[in-house]
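Q: here is the input, now give the coordinates:
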Amino acid sequence: MNRVFLVLGFVLIMALYSGATPLAPNPEDCCFNFFTGKIPPKNILNIKKTGSHCSQQGFIVTTPKHASLCVPQVEVSGN
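A: This is a model prediction of the structure:
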């Protein structure tokens, strides 16, 4: 009987551990091609920053006509 509880305990620990592993980065959160045109602010429905795991940083913009437009992150220098 003790062995049954021991096995069930190990199975429970393995189930909890396997559920705690982090998810792999989602490539849909990254941009590979960027839109370089102007987007009128009134057309912007949502803005989401690309994930920190992405090779190129930018923003994913949603408009009424486009579900996702990638725009590059612009460095701003103070003058």
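Q: following the helix or strand harbouring K48, which helix or strand shows up next?
A: Assigned by DSSP states H and E, K48 belongs to strand 46-49. Following strand 46-49 in sequence order, the next helix or strand is strand 58-62 (DSSP H and E).
Q: got any ranges where the protein has weak pLDDT?
A: Scanning the chain with the threshold set as pLDDT under 70 gives 1, 5-28, 75-79.
Q: ok, the strand holding K48: who's next to it in the sheet?
A: strand 58-62 (antiparallel) (DSSP bridges).
Q: kindly export the strand it pairs with (C-alpha atoms) in CSV.
A: Written as CSV, here are the backbone C-alpha positions of strand 58-62 (Å, rounded to 0.1, in the frame of the first residue of the first chain):
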residue,chain,number,x,y,z
GLY,A,58,8.7,47.4,-33.0
PHE,A,59,5.0,47.7,-32.5
ILE,A,60,2.1,45.7,-33.9
VAL,A,61,-0.7,48.2,-34.8
THR,A,62,-4.3,47.3,-35.4
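Q: touching it from outside, list them.
A: 29, 31, 34-35, 39, 44-50, 68-73 (CB atoms under 8 Å, 6 or more residues apart in numbering). C-beta here means a position set from N, CA and C on the backbone, and glycine is covered the same way.
Q: what residues are up against the residue nearest to G51 when sequence neighbours are not counted?
A: Spatial nearest neighbour of G51, chain neighbours left out: D29 (4.1 Å); criterion: CB to CB, 6 or more residues apart in numbering. Neighbouring residues of D29 by CB under 8 Å, 6+ apart: K48, T50, G51, H53, C54, I60.
Q: want to throw these into TSV with neighbour count?
A: TSV is the format used below for those (neighbours: other CB atoms under 10 Å):
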residue	neighbour count
K48	11
T50	19
G51	15
H53	11
C54	16
I60	19
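Q: just those now: which is nearest N2?
A: Nearest to N2 out of the contacts of D29 is H53 (CB to CB; 45.6 Å).
Q: how close does the closest one get to C30?
A: Note on H53: its distance to C30, by CB to CB, to the nearest Å, is 8 Å.
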